[in-house]
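Visitor: Okay, here's the prediction I keep looking at, along with the sequence it came from:
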Protein chains: 4
Amino acid sequence: MKRYLLGETPGIDSWQMEDVPAPVLGAGEVRVEMRAWSLNHRDLMVAEGTYGGKRQPGLVPLSDGSGVVAEVGSGVTELQVGDRVATCFFRDWHEGDLTALKAKAARGGAIDGILSEQIVAPANSLVKAPSNLSFAEAATLPCAALTAWNALFDASQLKAGETVLVQGTGGVSIFALQLAKVAGARVIVTSSSDAKLSHAADLGADEGINYRDNPDWERAAFDLTRGIGVDLVLEVGGTDTLPRSMKAVRHAGRISIIGVLTGGQVQFPVGYVFSKNIRMTGIYVGSRSQFMAMNRAIEQADLHPVIDREFAFASAPLALKYMQAAEHVGKIVIVR
Amino acid sequence: MKRYLLGETPGIDSWQMEDVPAPVLGAGEVRVEMRAWSLNHRDLMVAEGTYGGKRQPGLVPLSDGSGVVAEVGSGVTELQVGDRVATCFFRDWHEGDLTALKAKAARGGAIDGILSEQIVAPANSLVKAPSNLSFAEAATLPCAALTAWNALFDASQLKAGETVLVQGTGGVSIFALQLAKVAGARVIVTSSSDAKLSHAADLGADEGINYRDNPDWERAAFDLTRGIGVDLVLEVGGTDTLPRSMKAVRHAGRISIIGVLTGGQVQFPVGYVFSKNIRMTGIYVGSRSQFMAMNRAIEQADLHPVIDREFAFASAPLALKYMQAAEHVGKIVIVR
Amino acid sequence: MKRYLLGETPGIDSWQMEDVPAPVLGAGEVRVEMRAWSLNHRDLMVAEGTYGGKRQPGLVPLSDGSGVVAEVGSGVTELQVGDRVATCFFRDWHEGDLTALKAKAARGGAIDGILSEQIVAPANSLVKAPSNLSFAEAATLPCAALTAWNALFDASQLKAGETVLVQGTGGVSIFALQLAKVAGARVIVTSSSDAKLSHAADLGADEGINYRDNPDWERAAFDLTRGIGVDLVLEVGGTDTLPRSMKAVRHAGRISIIGVLTGGQVQFPVGYVFSKNIRMTGIYVGSRSQFMAMNRAIEQADLHPVIDREFAFASAPLALKYMQAAEHVGKIVIVR
Amino acid sequence: MKRYLLGETPGIDSWQMEDVPAPVLGAGEVRVEMRAWSLNHRDLMVAEGTYGGKRQPGLVPLSDGSGVVAEVGSGVTELQVGDRVATCFFRDWHEGDLTALKAKAARGGAIDGILSEQIVAPANSLVKAPSNLSFAEAATLPCAALTAWNALFDASQLKAGETVLVQGTGGVSIFALQLAKVAGARVIVTSSSDAKLSHAADLGADEGINYRDNPDWERAAFDLTRGIGVDLVLEVGGTDTLPRSMKAVRHAGRISIIGVLTGGQVQFPVGYVFSKNIRMTGIYVGSRSQFMAMNRAIEQADLHPVIDREFAFASAPLALKYMQAAEHVGKIVIVR
């Protein structure tokens, strides 16, 4: 069985294929014949050693994948051989609030990921794939889509008729746009590119703001909401954007903070937070239970993820380089 | 100025037109030139004297209407002359929870309604009409649509991907079907008529169950949800249906209880309620704040109410008789 | 190792002691040397065969107990040898909403209970006992106390300053009284006995209503809340009391329905439910996560359960007879 | 009738007494014979012209006061002559979420305050004073106590058994300590003074951390919560403390941000927010509806505010100077 692991030297070339025996199946576990995987920006940082925590050579990369259940261990009742499944980002976050303990087992970061022809995993660390999606499509969901779902609906309870502002057209933002439209919300997208805004409009965005042309995009957002402010901002930027998000949001509005792009220190005018009663919530992917709820919405709406390009399993390192080039719109997928 | 009032004798003929001076405008009030009204089953009961509380001869009937602001009193800041508005069912329920005090001023029941060429009303007992709706359409919203909105989203937090079962094709149920679809939910409709189920399907219903053919419709609902049960039931029936609704709903599911059709005593098997952790919430229309939130969703989705038939103001009593005939699907409207 | 099981013949004498080998420990499990147990009314019904579901001869009775961890299986990280623990009512309801699957494994009902000198159980089906409680005290918590906690705080979000009406002085009601006082609420207790009301007052009850003297106790409750109604009713009665509870509760008030005493059909006036926007929630004990939260409150307040009487393990059947006699106030405990 | 107003020159001496005719009573309004007032740090900033917004000479200062209803305007049903009342900080925030419109009418800031022998105010901008409090005590509630209540219970739903960390011993923090204890929570207080920590302990604080001795107080907080972190932090500091608060709080913990002491820019490590799923909510006093809920808790617990010192109405400017001296612990009150 072939799989990839992180080599000793950090960098874009650090994914190395190896051939290993198939893993042994234990109680409560299932064997999955993997069929597709998808990349997140985090995977690039993990390869380069710039992600939080110490880089672990020998770690199997990637959190996101899909496949078919090939064997079922004792005590497994929820899954059967032949079921189409996707992996959960957190192996142990089944439901309820995130805890320090649950947060420890992030696939492709703290523990082995799933860029392997086969994986053996606890049955309750997988979900059934939405029936309307291909393996490639299902593989895009575990991190980016679930982050968007959690940010919109669980952390910030977006309702039909409300307005959400989505920053940029990265993986999480595109999913947020699609999911918010499914739920009857109005979506404003910001971008530095008219082409990307046009693409967002094709996906259903109601309004686009080019922040090259409108550096004070928070004013444009205000104007688009009759001077009231948006109900929810999906904050993916950080230092530069958070103060603007606070201006763009209405009184008692919500900001879901996604940590995809920038780390470090963020500065904000504290006066806005209390005088406008703003609620900010940090989002770190989500639980298995949330994943299952999202999948029902995806099936119901027949929503399809946007895939930019597919690579073969044997050429997986090319997918990582393509991620680094940062010219994609939508998800980068590896198939087999 | 012409208006209708309830005559001394209860019955279908009790709406009587009279000619009165235009009402005087006070502080905080606006004058509305009414353009359309709509009927609810309650209005029939009020005319016949079978609605809760003592029948009040001289009362102006109807809670639901729309019109144009013609004059604005001192201290009014939210509305201007020319604004298109709809009436709130409860004059004093602006936001927050219902209280005994707020519940006292139900238009067309405890206090004068709005079946009048002109009304004078506190500005905060009106909402702006959705910009995408005609006066006739906007007039249908105050009672039935808001009840559906409250039942789905505020009392029971319906989410995209969840399944809601809507009983029948009455006014509240049709709005619930439309609004649930806007929010990305799956909708199962029950009816005794295939024609009505076909109409519901045209409006977006995902599934229909004819309870003449399937008296145990709760089993059909279970089968349609993979043996899990529906997430939410909009209960409009009562004695006959509540026990079935409890079986149809999943563990930790919700039942929103609408009191439109039946009063009296309802019986249910208490074991289901606690062993399945069912949550039941009584719904009594909703607040002005909820009305405004609903209108944003209606605008965003460009949702249009279903109107069965329109009557002229001068022929309003015919509308009441048409309501009594109970052959309508959708709202009965009076226009001027 | 000695334990009890249900004999073939239903009835008060059906607990039979047997001597069996100690159970084998598996992965993820711990061995608990049991020290105390407590009875609920359900245990009497299970013995008599009147509880829901088919009576299972050979079943080990009781859901509630406490003891010391004596051995720890592989993969167990949360518990260590020597930890003082209590059993969860539901073996598999760890957190989140109740589901049909989680509801299947109720100890002492659908699956083996814990009236045994030793038990082997999944580590995540136990909680650490509150550090301030004896084994006898900790053994009283799993069913009655957790039901009260869930009913007050999770299902119905009781807040400091709110008024809760607790029906009677059974196990759940006494815990509800104590827990509500810890949280700063005002508590009204109903009872048919002045002696029991006096006992409730000693435990902190603010008001008592003797419903022999005041059959219309809902009016007394109204008077005690300045004519507004109570915020929350803990409904344990059923047919006779639910309609009164609906009158006693305020607009937008809550009723937590506990199924301890009566099954069968319950009748209520549906008009109250919707016209007062009442929310009713069925309560079926609670999850392990809720149990842990409750224990923190018990420790913080140094709350001690009320124990009526203790029996020796060898005399456990006498405890069941004492339960049947129904003269206790507080919990009946078996110790070893 | 005597009252104070802000003079032309900003500074500690800018409160000037004047004699004016009693105000005229309008519909929906009541006349209150004021009996006591209390100061907040904001009032010092308003006098000095350092509070947000343009300083308005001629403005009547102070938001917090209590008195007796002396006259009732037409249409007022909730209040009667002789009722003991307290003022709301926001005249127009009756219930529901804060909006830009509601936020405009902050007493003693944007609109006239209440440092006057008599005030005329909309009846729904007042609440009944808790029956267990003196006028001096009731006058301390409108800003500081309500901010604490909102921060603990509405924004962050503190529950019995949870741990809250309260920063310092300022007005909001002392109320938070008292209210959290009423609700069964565990309270950790930080301070630079052992004497103040001792005072906090007398008021019920479970733990105290002197941050002079323990500059890394967030570690002490972690140790006091078994390495899990506190459930809720009441953040009153800002730049220096927010990053530490983020470390002190548990995964999925809450931080209520009170803007009392520092404005300007606050910096925080964004990684903590998302990797720990932290929820931060800005608190800006609260609504009248929240005030009424708090008062019920104050009555139920017979909680009494901590008053440092009382000044006579004629010597009100001395109270402001005493506030500036910053040596008080508890509220500074003016009585008449």
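Guide: On my side now, so go ahead. Numbers count the residues shown, from 1 in each chain, chains lettered A, B, ... in the order given.

Visitor: residue ranges with poor pLDDT in the stretch 51-200 of chain A?
Guide: Across the stretch 51-200 of chain A, nothing is flagged by pLDDT under 70.

Visitor: What's the local residue count around whichever residue of it sits closest to chain D?
Guide: The stretch 51-200 of chain A approaches chain D most closely through A:Asp97 (3.8 Å), counting by C-beta to the nearest C-beta. Every C-beta, even on glycine, is put in place using the N, C-alpha and C of the backbone. A:Asp97: 15 surrounding residues under other C-beta atoms under 10 Å in any protein chain shown.

Visitor: Tell me who's in contact with it.
Guide: D:251-252, D:277 (C-beta atoms under 8 Å, 6 or more residues apart in numbering or on different chains).

Visitor: which residues touch A:Ala106?
Guide: A:63, A:89-91.

Visitor: related to what we said a few turns ago, mind checking which of the contacts of A:Asp97 land in strands?
Guide: D:251-252 (DSSP state E).

Visitor: Filter the contacts of A:Asp97 to keep only those in contact with chain A.
Guide: D:251-252, D:277 (C-beta under 8 Å from any C-beta of the partner chain).

Visitor: contacting residues for the closest residue to A:Asp112 other than its chain neighbours?
Guide: Nearest residue to A:Asp112 in three dimensions, chain neighbours excluded: A:Val60, at 4.1 Å (C-beta to C-beta, 6 or more residues apart in numbering or on different chains). A:Val60 makes contact with A:3-6, A:108, A:112-116, according to C-beta under 8 Å, 6+ apart.

Visitor: The stretch 101-250 of chain A against chain D: which residues are in contact?
Guide: A:102-103, A:155, A:228-229, A:238, A:250.

Visitor: Among these, list the two that are farthest apart in space.
Guide: Greatest spatial distance among those (C-beta to C-beta): A:Lys102 and A:Ile228, at 37.4 Å.

Visitor: what about these two, which has more around it?
Guide: Comparing A:Lys102 with A:Ile228 by other C-beta under 10 Å, the one with more neighbours is A:Lys102, at 19 against 16.

Visitor: so what secondary structure elements neighbour the helix or strand hosting that one?
Guide: If you go by DSSP states H and E, A:Lys102 is part of helix A:100-103. The elements that helix A:100-103 packs onto, with contact taken as 3 or more C-beta pairs under 8 Å, 6 or more residues apart in numbering or on different chains; DSSP states H and E, are strand D:249-258.

Visitor: average pLDDT for the strand it packs on?
Guide: If you average the pLDDT over strand D:249-258, you get 96.

Visitor: starting at the chain centroid, how far to that strand?
Guide: The chain centre lies 20 Å from the centre of strand D:249-258; the measure is C-alpha atoms, centre = their mean, to the nearest Å.

Visitor: And for stretch A:128-140?
Guide: For stretch A:128-140, the distance to the chain centre is 14 Å (C-alpha atoms, centre = their mean).

Visitor: Show me what it is in contact with.
Guide: A:35-38, A:64-67, A:79, A:83-86, A:141, A:171, A:292, A:295, A:298-299, A:302, A:304-305, A:307, A:310, A:331, A:333-335.

Visitor: So which of those residues sit within helices?
Guide: A:171, A:292, A:295, A:298-299 (DSSP state H).

Visitor: which among those gets closest to A:Glu29?
Guide: A:Met292 (18.9 Å).

Visitor: check contacts around the residue nearest to the closest one when sequence neighbours are not counted.
Guide: Distances taken as C-beta to C-beta, 6+ apart place A:Val127 nearest to A:Met292, at 5.4 Å, with adjacent residues excluded. By C-beta under 8 Å, 6+ apart, the contact list for A:Val127 reads A:85-86, A:88, A:288, A:291-292, A:295.

Visitor: picking up where we left off before, may I see the ChimeraX selection of the buried members of the ones in helices among the contacts of stretch A:128-140?
Guide: In ChimeraX, a selection of the buried entries from those looks like this (16 or more other C-beta atoms under 10 Å in any protein chain shown):
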select /A:171,295,298,299
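
Visitor: With distance to A:Asp223 added, can I get the ones in helices among the contacts of stretch A:128-140 in CSV?
Guide: Below are the ones in helices among the contacts of stretch A:128-140 laid out as CSV (distance: C-beta to C-beta, whole Å):
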residue, distance to A:Asp223
A:Gly171, 28
A:Met292, 39
A:Asn295, 37
A:Ile298, 33
A:Glu299, 37
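
Visitor: picking that back up, can you confirm the residue nearest to A:Met292 is in a helix?
Guide: No. Under DSSP: H, G, I helix; E, B strand; the rest coil, A:Val127 sits outside any helix and is assigned strand.

Visitor: Okay, and the beta partners of it?
Guide: A:Ala86 (DSSP bridges).

Visitor: Now neighbour count and distance to A:Asp216 too, for the contacts of A:Ala106, in JSON lines please.
Guide: Below are the contacts of A:Ala106 laid out as JSON lines (neighbours: other C-beta atoms under 10 Å in any protein chain shown; distance: C-beta to C-beta, whole Å):
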{"residue": "A:Ser63", "neighbour count": "27", "distance to A:Asp216": "37"}
{"residue": "A:Phe89", "neighbour count": "28", "distance to A:Asp216": "36"}
{"residue": "A:Phe90", "neighbour count": "27", "distance to A:Asp216": "38"}
{"residue": "A:Arg91", "neighbour count": "22", "distance to A:Asp216": "43"}
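
Visitor: Just to check, A:Ala180 is in contact with A:Val164?
Guide: Yes. Using C-beta atoms under 8 Å, A:Ala180 is in contact with A:Val164, at 5.0 Å.
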